[in-house]
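[1] task: produce atomic coordinates for the following.
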Amino acid sequence: MKIQKYKSAAIVASLIGCLLLATDHAFNGITPSPSLHLHIDADNTTQTTSYPDTASGDLGAGEMTAQNSTDIYNHPGAYVYANNDYIVDQNVVGYAAGIDKFGNGIIGACKNFKRLLIAASPIGQSANERFVFQYSASDPDLMTHTSNGPYVLPDNNGLRIWTKDGDEVRDPRSAHLSGGRFIAPNHAYSPTELGWTSGSSYIRLYVEAVVETLASYPISVTFYPDGTSNPGCAVTDQVRVMPVYLNRLKGSGEE
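    Model (predicted):
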């Protein structure tokens, strides 16, 4: 076994803290290691609202192969329809519909978004637990609109992650704020801020695309079971999604 020499006292302290955390969570003599698994319909076999459907292979070997593949050509990621059409209100583009901003907070204004499940362990055992997201995020609260004008996105980023689905009204502020539903990148969220409740197997989130592209977007999540100040405990997982136009998804298993 090769022993790595750590030059940073902070790293050593972090690793020691992680070992102590694992010891605190030991049960019947077994010390669990922190774990994190993201799940999304990477093989595109299931309708959004049915996920996860084990009868369709969700969470199974085929999906895991697609999710873990580095072959982006054959496994580009989960298809997410580009929410840039006019679905309910012909005056409100999809990525502005259903958002509690500009008076657009209407139930049922959007199709369902792509479901993203997060399984992490240990969870709910420390007040320091945090999740940090990295992805091409388009902040909905920075979207602009003038009377009788278009709804303008703040940048060319392609995705939003929410704690509520597309057919629900969504507060565009960050989920760490009271009532906020948007998951911003680089912010450290507690499990409860992401919607986790005690006894739940997963944190359930929803991915929206605001652009149509042939690009494959990564979504990376890092779980800090003892807080971001103790990164030696952190574990990371990643999935990919591909935004595509809604009509191109007919017959692909997407609603």
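[2] assign a three-state SS to the closest residue to residue 176 other than its chain neighbours, would you?
    Once flanking residues are discounted, residue 176 sits nearest to residue 193: 5.1 Å by C-beta to C-beta, 6 or more residues apart in numbering. (Glycine included, C-beta is placed from N, CA and C.) Following DSSP: H, G, I helix; E, B strand; the rest coil, we place residue 193 in the helix state.
[3] so what's the residue count around residue 193?
    Neighbours of residue 193 under the rule other C-beta atoms under 10 Å: 19.
[4] likewise for residue 204?
    Counted with other C-beta under 10 Å, residue 204 comes out at 18.
[5] residue 143 touches residue 101, doesn't it?
    Yes - in this structure, residue 143 is within contact of residue 101 by C-beta atoms under 8 Å, at 7.1 Å.
[6] can you check which residues contact both of these two?
    residue 172 (C-beta atoms under 8 Å, 6 or more residues apart in numbering).
[7] can you tell me how far residue 163 sits from residue 190?
    According to C-beta to C-beta, to the nearest Å, residue 163 stands 12 Å off from residue 190.
[8] what do you get for residue 183?
    Taking C-beta to C-beta, one finds residue 183 at 12 Å from residue 190.
[9] so these two - more neighbours on which side?
    residue 183 (28 against 15).
[10] where does the closest residue to the more buried one other than its chain neighbours land on pLDDT?
    Using C-beta to C-beta, 6+ apart and skipping residues adjacent in sequence, the residue nearest residue 183 is residue 161, 4.0 Å away. For residue 161, the pLDDT comes out at 98.
[11] quick check: residue 161 vs residue 123, distance?
    18 Å.
[12] cool, residue 228 as well?
    16 Å.
[13] which one's more surrounded, those two?
    For residue 228 versus residue 123, neighbours defined as other C-beta under 10 Å are more numerous around residue 123 (21 against 13).
[14] now do the SS call for that one.
    coil.
[15] what's near enough to touch it?
    129, 191, 196, 225.
[16] so the second one touches residue 131, yeah?
    Yes - look at residue 191 against residue 131 with C-beta under 8 Å: they come within range, at 7.2 Å.
[17] in the chain, which spans are helices?
    9-24, 61-68 (DSSP state H).
[18] in terms of mean pLDDT, which of these ranks lowest?
    Across these, the lowest-scoring stretch is helix 9-24, with a mean of 49.
[19] quick one: the residue nearest to residue 176 from residue 148, how far?
    The spacing between residue 193 and residue 148, counted by C-beta to C-beta, is 37 Å.
[20] circling back: identify the bridge partners of the residue nearest to residue 183.
    residue 207 (DSSP bridges).
[21] can you pull the contacts of it?
    Residue 161 touches 116, 133, 135, 137, 182-183, 205-208, 219, counting by C-beta under 8 Å, 6+ apart.
[22] now, of those, which are buried?
    Buried subset of the contacts of residue 161 (neighbour count, 16 or more other C-beta atoms under 10 Å): 116, 133, 135, 137, 182-183, 205-208, 219.
[23] now these in a markdown table, with distance to residue 243 and pLDDT?
    Converted to a markdown table, the buried ones among the contacts of residue 161 look like this (distance: C-beta to C-beta, whole Å; pLDDT from 0 to 100):
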| residue | distance to residue 243 | pLDDT |
| --- | --- | --- |
| 116 | 14 | 97 |
| 133 | 17 | 98 |
| 135 | 12 | 98 |
| 137 | 13 | 98 |
| 182 | 17 | 98 |
| 183 | 17 | 98 |
| 205 | 16 | 98 |
| 206 | 14 | 98 |
| 207 | 9 | 98 |
| 208 | 9 | 97 |
| 219 | 12 | 97 |
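[24] now distance to residue 43 too, for those residues, in a markdown table please.
    As requested, those are exported to a markdown table (distance: C-beta to C-beta, whole Å):
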| residue | distance to residue 43 |
| --- | --- |
| 116 | 15 |
| 133 | 23 |
| 135 | 20 |
| 137 | 25 |
| 182 | 28 |
| 183 | 24 |
| 205 | 19 |
| 206 | 19 |
| 207 | 16 |
| 208 | 20 |
| 219 | 16 |
